[in-house]
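*Asks:* Pasting the sequence and the predicted model now:
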Amino acid sequence: MVNEPDDKGGGVAWSVIVPSYNRPDQLRRCLAALQQLCQDEAIEIVVVDDGGERPAAPVAQSVPGGIEVRVIRQANQGPAAARNTGARAARGQWLAFTDDDCRPEPQWLSDLEAGLAANPKALVGGRTVNALPRNQWAEATQMLVDRVIAATDGGFLPTCNLAVRRDLFIESGGYDEDFPTAAGEDRAFCDGWRSRGGQIVLVENAVVRHEHHLTAVSFWRQHANYGAAARQVHRRPGGSAPWTLGSYVSLLSDPFRSRPIPSAVMMSARLLLSQMATGWGMLRTLLIRVPSRQKHTAA
């Protein structure tokens with residue numbers, strides 16, 4: 001949970017929060033993209049180094065640009081705590097969240113700002129697209145995320161592309177730092193936001209490109225974490241409802257609507273594997289005590 005700090009002032013309109021853990025190359029590309037933001041108002045970038053063995057500060061210092069970058073290092077606590085730390089240190093009236101393996105497009109912040117201008121008390125987010133189309137594991141994960149967003153009818157937006165008024169974020173209590181895995185704290189945050197009557201708005205033009213390098217092993221691990229987190233989300237008051245059988249059928253048939261048959265079969269198989277991993281993750285929470293925090297900050 002994040003608490004309101006003393007007023008720091010500084011005349012900053014936007015604070016972009018980037019949690020990072022041991023991904024210097026991805027962070028460098030993220031910061032380079034953020035330095036290209038088209039925005040007239042004052043911006044700061046707050047990188048929260050979540051205790052990685054490869055410090056983020058040298059990376060931040062190596063990226064040229066006119067936008068101020070501040071690096072805050074903390075002991076490893078996970079993504080929720082890192083984002084809360086960034087929000088606590090932020091000087092901006094508005095917060096925008098992305099991840100170190102993401103590359104926001106130049107108009108990203110301007111589009112989010114337009115969304116908030118029309119809905120100033122809303123939680124606003126944009127679209128995330130797979131930046132690695134040749135990595136079919138990453139492509140399958142992005143298809144699944146898109147399906148989850150569609151299934152919640154606008155009730156969920158990933159934290160890698162999200163913006164909110166800072167005082168409202170503080171008032172909400174921020175991200176749950178005791179969530180069992182580094183996957184799901186964003187679902188819980190959106191559920192909590194809606195349960196308090198808050199509005200969630202999708203801004204289609206605000207695009208972030210996600211460079212999520214996945215192998216078969218890391219794909220399984222990630223979706224098992226999603227499963228453990230999903231069980232926790234479903235059990236919380238006001239949490240998202242589990243999927244119906246029809247949702248699973250629709251997910252597995254999605255590739256056949258836009259791909260040649262051989263490609264569709266392979267993608268559908270990957271999506272089926274993701275759901276097997278998710279089921280294992282849910283089962284694992286019944287069999288094994290899952291640590292409250294894990295050693296990474298972004299899914």
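*Replies:* Received it, and whenever you're ready, just let me know what you need. Remember, it's a predicted structure, so these values are computed and weren't measured experimentally.
*Asks:* Strands of the protein, start to end?
*Replies:* 14-20, 43-49, 68-73, 94-97, 102-104, 123-130, 162-165, 200-210 (DSSP state E).
*Asks:* right, and those strands - which one's nearest residue 275?
*Replies:* Residue 275 lies closest to strand 123-130 among these, at 18.8 Å (Cβ to Cβ). Glycine gets a C-beta too; all of them are placed from N, C-alpha and C.
*Asks:* The closest one versus strand 200-210: what angle between them?
*Replies:* 30 degrees (axes from the mean of the first three to the mean of the last three Cα atoms, to 10 degrees).
*Asks:* contacts for strand 123-130?
*Replies:* 102, 108, 111-112, 115-116, 138-139, 141-142, 145, 157-158, 160-164, 190, 193, 198-210, 212 (Cβ atoms under 8 Å, 6 or more residues apart in numbering).
*Asks:* of these, buried ones?
*Replies:* Those of the contacts of strand 123-130 that meet the buried threshold are 102, 108, 111-112, 115-116, 138-139, 141-142, 145, 157-158, 160-164, 190, 193, 200-201, 203, 206-210, 212, by 16 or more other Cβ atoms under 10 Å.
*Asks:* Check the protein for its longest helix and report it.
*Replies:* Determined from DSSP state H, the single longest helix within the chain is helix 261-287.
*Asks:* re the thing from before, for the strands of the chain, which one sits closest to residue 269?
*Replies:* When the strands of the chain are compared (using Cβ to Cβ), the closest one is strand 123-130, at 17.7 Å.
*Asks:* in its sheet, what does the closest one sit against?
*Replies:* strand 162-165 (antiparallel), strand 200-210 (parallel) (DSSP bridges).
*Asks:* Tell me the buried residues in that strand?
*Replies:* 123, 124, 125, 126, 127, 128, 130.
*Asks:* now swap in stretch 253-265 and tell me
*Replies:* So for stretch 253-265, counting by 16+ other Cβ under 10 Å, buried means 254, 255, 264.
*Asks:* tell me the mean pLDDT for that stretch?
*Replies:* Stretch 253-265 comes out with an average pLDDT of 92.
*Asks:* Convert the C-alpha atoms of it to CSV, please.
*Replies:* Written as CSV, here are the backbone C-alpha positions of stretch 253-265 (Å, rounded to 0.1, in the frame of the first residue of the first chain):
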residue,chain,number,x,y,z
SER,A,253,-10.8,-20.7,-31.8
ASP,A,254,-9.5,-17.1,-32.2
PRO,A,255,-6.4,-18.1,-34.2
PHE,A,256,-8.6,-19.8,-36.9
ARG,A,257,-10.4,-16.4,-37.6
SER,A,258,-7.2,-14.7,-38.8
ARG,A,259,-4.5,-17.3,-39.7
PRO,A,260,-3.9,-20.0,-42.2
ILE,A,261,-4.8,-23.4,-40.8
PRO,A,262,-1.3,-24.7,-40.0
SER,A,263,-0.4,-21.5,-38.1
ALA,A,264,-3.8,-21.4,-36.4
VAL,A,265,-3.3,-25.0,-35.1
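*Asks:* And the contacts of it?
*Replies:* Counting by Cβ under 8 Å, 6+ apart, 143, 147, 267, 268, 271 sit against stretch 253-265.
*Asks:* Over to stretch 161-169?
*Replies:* For stretch 161-169, using Cβ under 8 Å, 6+ apart, the contacting residues are 2, 15, 87, 90, 92-98, 102, 104, 108-109, 112-113, 115-116, 120-128, 186, 198, 206-208.
*Asks:* Flag the shaky bits of this structure, pLDDT-wise.
*Replies:* Applying pLDDT under 70 to the chain picks out residues 1-10, 179-183, 233-243, 288-299.
*Asks:* show me where it has helices.
*Replies:* Under DSSP H, the chain gives helices at 24-34, 57-62, 79-89, 108-118, 136-151, 166-172, 185-195, 216-235, 245-253, 261-287.
*Asks:* Most tightly packed of these?
*Replies:* Ranked by mean neighbour count, the helices of the chain are led by helix 79-89 with a mean of 25 (mean count of other Cβ atoms under 10 Å).
*Asks:* and that helix, what other elements does it pack with?
*Replies:* Packed against helix 79-89 by the contact rule (3 or more Cβ pairs under 8 Å, 6 or more residues apart in numbering; DSSP states H and E) you find strand 14-20, strand 43-49, strand 68-73, strand 94-97, helix 166-172.
*Asks:* any idea how far residue 23 is from residue 41?
*Replies:* 28 Å (Cβ to Cβ, to the nearest Å).
*Asks:* So which of the two has more stuff around it?
*Replies:* Taking neighbours as other Cβ atoms under 10 Å, residue 23 and residue 41 compare with residue 23 leading, 22 against 14.
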